[in-house]
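[1] Got a sequence here, can you build the structure:
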Amino acid sequence: AEGSEPERAAALARQRLELDPLNEAACRQAMNAMGKTGDRAGAIAEYRNLVRRLDEDLGVEPLVETTKLYEAVRRGNRATEVGRAPSRPPASPSQPPIVGRDDDLAALTTAIEMRRLIIVTGEPGIGRSRLLNEWAATTSDHLMLHCHVGEQGVAYGPLTRWLEPEAGTAQVAIFEAIADALPLAAGGFLVVDDLQLADPATASFLTYVVHRWDRFGWSVIASWRADRVAPGDMCWDLLTEGRRENWAAELSLERLGRDDVVTLIELMGGATPARTTEISDLAEGLPLVVVEAMRLGPDNDALPPVVDDLMRSRLGSLSPLAVQLVEALAIIDRPADGSEIQAVAGRHVAETAAALEELLAADMVRSDGEITLAHSLLGQVALAGLSESRIRLLHERAGDTLPAAEAADHLARAGRHTEAADLFVLAADQAVGSEAMTSALRHLHSALALGVADDALVQRRIGYIESTLGHYEAARRAYEISAARSVGPELALLEIQ
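    Next up is the predicted model:
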């Protein structure tokens, strides 16, 4: 029926997309039908809408079949039906609530009054797009452009909606044609989301517009991921020039405070106090993690797929050596110095230094005397992809490197129980010397659980610490166990105690 009635087929496919906006099979059906009627612009628009929805709601790219069909339509080939694939699960198309951004919105509004270029930066998941959408909802005098994953090679990708295929060949002529085609009056705002994904031609056009503010009268408000833009990139250099000449500003978004995270959870339906704490701990202030965790359901403690994909994407951009340092930091599980990271990763000094520079440039670690991961989920996802033997090796290296208490725990995880038990006893002695009696007790009980050789001695030490703490009944029980396992002089000493 679709081949003989393409217009009806396209209408039916669009109805399916209205009910399930992330259904790629329906999108391909619509594109095929539109291609058969000669409506290339409509087919391309359907694809771009799908790309935007997948990126905003799931943080993923379209399936290969869908992209191939889009490329065929762009080249002017007659659309051809491709194999169907299961659609992705639907997600809420509505915007999540925005909290904790009043100061950022005010700063953005103030910057707009004084600058012609404003860049909103921040780490992945911080809410740059959400902030731009919130601001854009306050004015109709703007034009929103979306840059998409995988389209950096499509010249003027975010602008093609307004362009004719024969836009011209000379660069300036193209820029002028674009400016004439855009439905934006002088004094308006070009709002560009995810500028780091823009193709070079679009970035050049934005540079052209910004440098000719007196002529066009457009201000540019853009967002980009801080870990994907670096000195030497065209947009970075434009911002640097603008700040130097005082016509550009940068607004860097910080993570939400814990109270704001709790408010966001409540606005999305709320959760039990225990689950609220879990989500807050998991998010570490990233709004994306909160939103996706709540979309899974307040009782579902699985890592949201969108968040998992984001972390894997960030890890995938690193060199293998830098990933090894992420794994080492995840195993250490606390701020660490360079020598500790080097030893656990098993790398040379020069290699470690180069990899740390890469991680810092990618905003994957924080450095304030000691080094820690920018988000613990990076380490969690990195370790999830390792074999048991690799994880055991990392724990062994940590056990051979870190202070006694930590080393004991790592050696136990590596299966070296005898050495771990002895280290727990040593850690207990160190804790007693620091008058950290509770920690000493915990270490001694860990040694017993691992089958320490001289358990009578360990029980005697437990008895001493318990009596020091005033826990006389617990001390008596420990001394009795020690006595039952002692002979000769040791038993006599114990009876004196």
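[2] For the rest of this, base every contact and every neighbour count on C-alpha atoms.
    Fine.
[3] So Gly221 lies in a strand, does it not?
    Careful, residue 221 is Ile and not Gly. Yes - with the criterion set as DSSP: H, G, I helix; E, B strand; the rest coil, the secondary structure at Ile221 is a strand.
[4] how about the strands in the stretch 351-497 of the chain?
    365-368, 370-373 (DSSP state E, counting those that start in this stretch).
[5] show me where the stretch 51-200 of the chain has strands.
    Going by DSSP E, counting those that start in this stretch, the stretch 51-200 of the chain shows strands at 117-122, 142-146, 189-193.
[6] Kindly reformat those as CSV containing mean neighbour count and distance to Thr240.
    Shown next, in CSV, are the strands of the stretch 51-200 of the chain (neighbours: other CA atoms under 10 Å; distance: least, CA to CA, whole Å):
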stretch, mean neighbour count, distance to Thr240
strand 117-122, 24, 11
strand 142-146, 18, 22
strand 189-193, 23, 18
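[7] Can you lay out those as JSON lines showing mean pLDDT and distance to Ile371?
    Output for the strands of the stretch 51-200 of the chain, formatted as JSON lines (pLDDT from 0 to 100; distance: least, CA to CA, whole Å):
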{"stretch": "strand 117-122", "mean pLDDT": "85", "distance to Ile371": "20"}
{"stretch": "strand 142-146", "mean pLDDT": "84", "distance to Ile371": "35"}
{"stretch": "strand 189-193", "mean pLDDT": "91", "distance to Ile371": "31"}
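[8] so which of these comes closest to Gly338?
    Gly338 sits nearest to strand 117-122 of all the strands of the stretch 51-200 of the chain, at 25.8 Å, using CA to CA.
[9] mind listing what that closest one pairs with, with the direction of each?
    In the sheet, strand 117-122 lines up against strand 219-225 (parallel), strand 248-252 (parallel) (DSSP bridges).
[10] buried ones in stretch 314-322?
    Neighbour counts over stretch 314-322 (16 or more other CA atoms under 10 Å) mark Arg314, Leu315, Leu318, Leu321, Ala322 as buried.
[11] for stretch 207-221, that is, sorry about that
    Thr207, Val209, Val210, Trp213, Phe216, Gly217, Trp218, Ser219, Val220, Ile221.
[12] ditto for stretch 66-76
    Thr66, Thr67, Leu69, Tyr70, Val73, Arg74.
[13] and the residues you listed as a markdown table, adding pLDDT?
    Below are these laid out as a markdown table (pLDDT from 0 to 100):
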| residue | pLDDT |
| --- | --- |
| Thr66 | 83 |
| Thr67 | 80 |
| Leu69 | 83 |
| Tyr70 | 79 |
| Val73 | 75 |
| Arg74 | 67 |
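[14] Relative to Ala203, which of those residues is nearest.
    Checking the buried residues of stretch 66-76 against Ala203 with CA to CA, the nearest one is Arg74 at 21.2 Å.
[15] wait, which of the buried residues of stretch 207-221 is closest to Asn49?
    Using CA to CA, Ile221 is the member of those that lies nearest Asn49, at 21.3 Å.
[16] wait, the closest one sits on Leu195?
    No - at 9.9 Å, Ile221 and Leu195 do not qualify as touching, with contact defined as CA atoms under 8 Å.
[17] Overlap of the contact sets of those two?
    By the contact definition CA atoms under 8 Å, 6 or more residues apart in numbering, Ile221 and Leu195 are jointly contacted by no residue.
[18] Now render the strands paired with strand 117-122 as TSV, adding distance to Gly346.
    Shown next, in TSV, are the strands paired with strand 117-122 (distance: least, CA to CA, whole Å):
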stretch	distance to Gly346
strand 219-225	31
strand 248-252	36
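[19] Pick the most buried one from those.
    Stretch with highest mean neighbour count among those: strand 219-225 (a mean of 24; mean count of other CA atoms under 10 Å).
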